[in-house]
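K.L.:
Provided below are the primary sequence and the corresponding predicted coordinates.
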Amino acid sequence: MRANPADVTTESTGLAPARLRVGDTEVARYVLDPALDVRHGPRPYLHPVRTLGGTVVTDALPADHVWHLGASLAVQDVNGANLWGGRTYVRDVGYTWRDDHGVIAHTGEVEQAPDRYAHDLQWRDQAGQVLLTERRRLAASAVAPDVWRLDLHSALTAPADREVRLGSPATNGRSDGAGYGGFFWRAAADGAATVFTADATGEETVNGSAAPWLALTGVGPGGGAYTLVVDGLGRDDRWFVRTATYPGICVAFAFDRPAVVPAGDTRHGHYRVWVADGTLDRDRATALVGSPAH
């Protein structure tokens, strides 16, 4: 089920999506300037992302959470502005619709090639004030005949005159492990998904952990099995995971306490996602994390 197309759109407002290729195969489309209601957290996002065999492994604009946009960077509380979309979690109140939605806006292209893309962005609050500036780089590379790797580098810089606080529903009072916000991947789902790390399996044990890497296996809309293997946790980051209600994984910046970007400082992130055809086991996932791209 999809949201009402009168309310949301997947097309760009004038900027053509960037396309990432591995050899002659298009593996991802990067929407730079989506025409979305501000309540859905407008921001650049990757969708569709595909395996080398053609299986779609992202979902966007699902009816259960319309603001889930493939693979993207988004945070629900950035100095009080909602740059995630949907209702805002308010302490002692719960989820509430508020006039607090900002946007993450593309401001300029830095580099474009078949296998990479780089650009500048601004994270803006509901009044248009710039909360953070960002330089983001994406690259796609071959790893094996059935695996490619996405590398996403992000450098988020706070204004020289003020720090920026990054929060989540958990840091604002929700008590059930909903520390989402950061590099988030809404996965495609035709049936149940499974998540595991090197030493744990399942949402209950993986959510909130600091395992070096995480893997999610699922089935795409065409029936093809796939596996995503992700790493890139920063020092205080944690994994946010959902499989029971929807398939989603996140490098969460503020899982149980706020993250702060000091005035004038830059928060660096490097997120790697191995996108594989088929259902991989722990040994193969471990081997991928240790393998060089080529």
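P.N.:
Structure received. Since the structure is predicted, the reported quantities are computational estimates derived from the model, not experimental observations.

K.L.:
Select the longest strand from the protein.
P.N.:
For the chain, the strand that runs over the most residues, judged by DSSP state E, is strand 130-144.

K.L.:
and that strand, which strands flank it?
P.N.:
As defined by DSSP bridges, the strand partners of strand 130-144 come to strand 116-124 (antiparallel), strand 147-157 (antiparallel).

K.L.:
got the buried residues for it?
P.N.:
131-144 (16 or more other Cβ atoms under 10 Å). For the C-beta atoms, the positions are set from N, CA and C on the backbone; glycine is no exception.

K.L.:
got the CA coordinates for it in PDB?
P.N.:
C-alpha atoms of strand 130-144 as PDB (Å, rounded to 0.1, in the frame of the first residue of the first chain):
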ATOM      1  CA  VAL A 130      20.700  27.000   8.600                       C
ATOM      2  CA  LEU A 131      21.300  24.500  11.400                       C
ATOM      3  CA  LEU A 132      24.100  22.500   9.800                       C
ATOM      4  CA  THR A 133      26.000  22.500   6.500                       C
ATOM      5  CA  GLU A 134      27.100  19.300   5.000                       C
ATOM      6  CA  ARG A 135      29.500  17.900   2.300                       C
ATOM      7  CA  ARG A 136      28.300  14.400   1.300                       C
ATOM      8  CA  ARG A 137      30.100  12.000  -1.000                       C
ATOM      9  CA  LEU A 138      28.600   8.700  -2.400                       C
ATOM     10  CA  ALA A 139      30.400   6.000  -4.300                       C
ATOM     11  CA  ALA A 140      29.500   2.600  -5.800                       C
ATOM     12  CA  SER A 141      32.100  -0.100  -6.300                       C
ATOM     13  CA  ALA A 142      32.200  -3.800  -7.300                       C
ATOM     14  CA  VAL A 143      33.200  -6.300  -4.600                       C
ATOM     15  CA  ALA A 144      32.200  -9.700  -6.200                       C
END
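
K.L.:
mean confidence for that strand?
P.N.:
When pLDDT is averaged over strand 130-144, the result is 98.

K.L.:
Distance from it to the middle of the chain?
P.N.:
Distance of strand 130-144 from its chain centroid, counting by Cα atoms, centre = their mean, to the nearest Å, is 11 Å.

K.L.:
Could I get the buried residue list for stretch 47-67?
P.N.:
47-53, 55-62, 65-67.

K.L.:
so what's Glu111 closest to, chain neighbours aside?
P.N.:
For Glu111, ignoring the flanking residues on the chain, the nearest one in space by Cβ to Cβ, 6 or more residues apart in numbering is Ala118 at 4.1 Å.

K.L.:
doesn't Glu134 make contact with that neighbour?
P.N.:
No: Ala118 lies out of contact with Glu134 (Cβ atoms under 8 Å); the separation is 10.9 Å.
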